[in-house]
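Participant: Below are the sequence and a predicted model for it; my questions follow.
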Amino acid sequence: MSTKILIIGACGQIGTELTHSLRKIYGADNVIASDIRKLNNDVVNSGKFEVINALDFNQIEHLVEVHKIDEIYLMAALLSATAEKNPAFAWDLNMNSLFHVLNLAKAKKIKKIFWPSSIAVFGPTTPKENTPQYTIMEPSTVYGISKQSGERWCEYYHNIFGVDVRSIRYPGLISYSSPPGGGTTDYAVDIFHKALADKKYECFLSSETKMPMMYMDDAIAATIQIMQAPAEHIKIRSSYNLAAMSFTPTEIAAEIKKHIPEFTISYEPDFRQKIADSWPASIDDNDARTDWNWKHKYDLETMTTDMLEHLK
């Protein structure tokens, strides 16, 4: 019996790469991708695809029954910068989609859930350096508030109903294969595109804004690793801190200049600066490394080389 997987939000920044990786492991027929609209892309064309609204419980339940789904990866969400422009919809999408899958697991219709949290759960009062797993969490963004609430619900459904839900707090994610999705850390994706196309970049954050980041390959590896780990190794059922590297726009620009000497960067901070200032500068992810043996592979140097090679 092969595991049957449903990915909700499969056409997003993380969903795209996650779908490809899971199809390689479990087979294209066993990984059903879904999103709110059908695009003409690899995710849609490389296996089974369904159009689904993450806010429609009946649609999700129907797909689970038709495809005999065992596991759901819920990747649909409104990200930080986008959510600030539409708070009510962000809350609705980010929370109710989670309730739908938690309730399917509670009813024993699926066996396992992956739900992504984020460093946005932290806030201005959180210790900024080496932010611990357990610490003050007073998020000041709509996205952060929804993720912090989601963590509490995941923990509750596990403790009260025995739901096997697993989660990691993603830092900023950097990828060459999908465009930025409306997040505050997205400058670190856009900068590579602009460096190659224009040899210059205007950054929407200040030069010394340090944030935790991760190359997408590492994020996908961690996601699959936590889902494949034995249940008894998953000691935290809210969400695990996850880390790889931290850097500033100045530092990433300097790394790019090693490859593109004529590259220049300028700074024009906008409303996203306030969001970035409320987040940690670096993360302590010792629990993930201890409990399920997490290790990152890419640092700033190796990531920059790989990004530029692929984007060329």
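Facilitator: That came in fine, so what should we check first?

Participant: got a list of what Pro87 touches?
Facilitator: Going by Cβ atoms under 8 Å, 6 or more residues apart in numbering, Pro87 touches Val142. (C-beta placed from N, C-alpha, C; glycine too.)

Participant: I'd like the numbering to begin with 243 instead of 1 from here.
Facilitator: Okay, residue one is now 243; in that scheme the one you just asked about reads as Pro329.

Participant: what about the chain, any weak spots by pLDDT?
Facilitator: Low-confidence segments of the chain (pLDDT under 70): 243.

Participant: Name whatever forms a beta bridge with the residue lying closest to Pro522 once chain neighbours are set aside.
Facilitator: Nearest residue to Pro522, sequence neighbours excluded (Cβ to Cβ, 6 or more residues apart in numbering): Thr373, at 3.9 Å. On the basis of DSSP bridges, Thr373 is bridged to Ile525.

Participant: Near Thr373, how many other residues are there?
Facilitator: Neighbour count for Thr373, taken as other Cβ atoms under 10 Å: 24.

Participant: May I ask you to confirm that it is in contact with Ser520?
Facilitator: No. With contacts counted by Cβ atoms under 8 Å, Thr373 stays clear of Ser520, the gap being 12.0 Å.

Participant: Mind listing the shared neighbours of those two?
Facilitator: Contacts common to Thr373 and Ser520, judged by Cβ under 8 Å, 6+ apart, are Phe364.

Participant: can you tell me the helix or strand for Ala496?
Facilitator: For Ala496, the host element (DSSP states H and E) is helix 491-501.

Participant: C-terminal to that helix, what's the next element?
Facilitator: strand 506-509.

Participant: Note down every partner strand of that next one and its orientation.
Facilitator: Applying DSSP bridges, strand 506-509 is found paired with strand 442-445 (parallel).

Participant: As CSV, could you dump the C-alpha coordinates of the helix or strand following the partner strand?
Facilitator: Downstream of strand 442-445, the next assigned helix or strand under DSSP H and E is strand 453-457. Output in CSV follows, covering the C-alpha atoms of strand 453-457 (Å, rounded to 0.1, in the frame of the first residue of the first chain):
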residue,chain,number,x,y,z
MET,A,453,16.7,37.8,9.1
PRO,A,454,16.7,34.0,9.3
MET,A,455,16.8,32.5,5.8
MET,A,456,16.9,29.0,4.2
TYR,A,457,17.4,27.7,0.7
